[in-house]
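In: any chance you could fold what I've pasted below:
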Amino acid sequence: MKASAMSEDQGKMRRHVPELPRGLVFLWVLLFVLWLVINASVELPVVASGALVSLVLSWIFLRRSPVWRIEMTPRTAFHFLAYTVVFFAEMVKANVEMIRYVYAPRIDIRPGIVKINVRLRSPIGRLALANSIALTPGSLVMDVTEDAMFIHWLDVKTTDSEKATEMIAGPFEKHLGAVFG
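Out: Residues are numbered from 1 along each chain as shown. Model prediction:
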């Protein structure tokens with residue numbers, strides 16, 4: 001009798017504990033790491049203020065828009081880390097290519113605008129893809145439509161939409177799709 005009453009009380013206690021908004025931990029960690037990278041310091045005041053500011057911003061973002069409610073699972077964490085590695089690798093490759101253009105005796109480029117197809121459906125996933133492309137030297141997102149992006153490409157390698165999609169967005173989309181949908 002006591003055991004059943006005790007489990008009922010525990011069940012009631014569990015029901016009254018407020019749940020953290022979905023995605024709070026993921027967004028807090030993301031903002032906190034960004035804070036640490038930008039400040040380039042792990043001194044106690046910097047870490048403490050960064051943790052607090054990141055938590056407050058995460059809470060505000062999650063309260064104002066459902067777009068930030070990203071569920072953190074081991075699969076999501078893996079793909080986010082993989083995306084980060086791919087992004088930095090693509091950034092290095094693009095920077096090396098830009099150095100090659102700058103130091104070449106003759107600049108042989110074919111600038112132009114290409115259309116790439118976007119398979120990502122979530123607004124935050126599309127935003128992350130657009131930023132990834134824009135932050136990579138030699139490419140700039142000019143327009144975003146429902147299922148496409150128009151990219152100014154410094155050296156157009158192909159005008160075929162499918163091939164351009166694979167070359168520009170291919171490295172990012174797989175992992176962004178797994179994280180953001």
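In: which residues touch the spatially most central residue of the chain?
Out: Geometric centre of the chain, nearest residue: residue 128, 4.5 Å, by Cα atoms, centre = their mean. Residue 128 makes contact with 172, 176, 179, 180, according to Cβ atoms under 8 Å, 6 or more residues apart in numbering. (Glycine included, C-beta is placed from N, CA and C.)
In: now the biggest helix by length in the chain: buried residues?
Out: In the chain, with assignment by DSSP state H, the single longest helix is helix 74-103. For helix 74-103, burial by neighbour count (16 or more other Cβ atoms under 10 Å) applies to 76, 79, 80, 83, 86, 87, 90, 94.
In: helix/strand/coil for residue 142?
Out: strand (DSSP: H, G, I helix; E, B strand; the rest coil).
In: number of residues surrounding it?
Out: Residue 142 has 12 neighbouring residues, counting by other Cβ atoms under 10 Å.
In: what's the first helix or strand after the longest helix of the chain?
Out: Toward the C-terminal end, the helix or strand that comes next after helix 74-103 (DSSP states H and E) is strand 112-117.
In: got the CA positions of the helix or strand following that next one in PDB?
Out: For strand 112-117, the following helix or strand on the C-terminal side (DSSP H and E) is helix 123-135. C-alpha atoms of helix 123-135 as PDB (Å, rounded to 0.1, in the frame of the first residue of the first chain):
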ATOM      1  CA  PRO A 123      14.100  27.700 -42.900                       C
ATOM      2  CA  ILE A 124      17.000  27.300 -40.500                       C
ATOM      3  CA  GLY A 125      18.600  24.600 -42.700                       C
ATOM      4  CA  ARG A 126      18.200  26.800 -45.800                       C
ATOM      5  CA  LEU A 127      19.700  29.700 -43.900                       C
ATOM      6  CA  ALA A 128      22.700  27.600 -42.800                       C
ATOM      7  CA  LEU A 129      23.200  26.400 -46.400                       C
ATOM      8  CA  ALA A 130      23.000  30.000 -47.800                       C
ATOM      9  CA  ASN A 131      25.500  31.200 -45.100                       C
ATOM     10  CA  SER A 132      27.900  28.200 -45.800                       C
ATOM     11  CA  ILE A 133      27.900  29.100 -49.500                       C
ATOM     12  CA  ALA A 134      28.300  32.800 -48.900                       C
ATOM     13  CA  LEU A 135      31.100  32.400 -46.400                       C
END
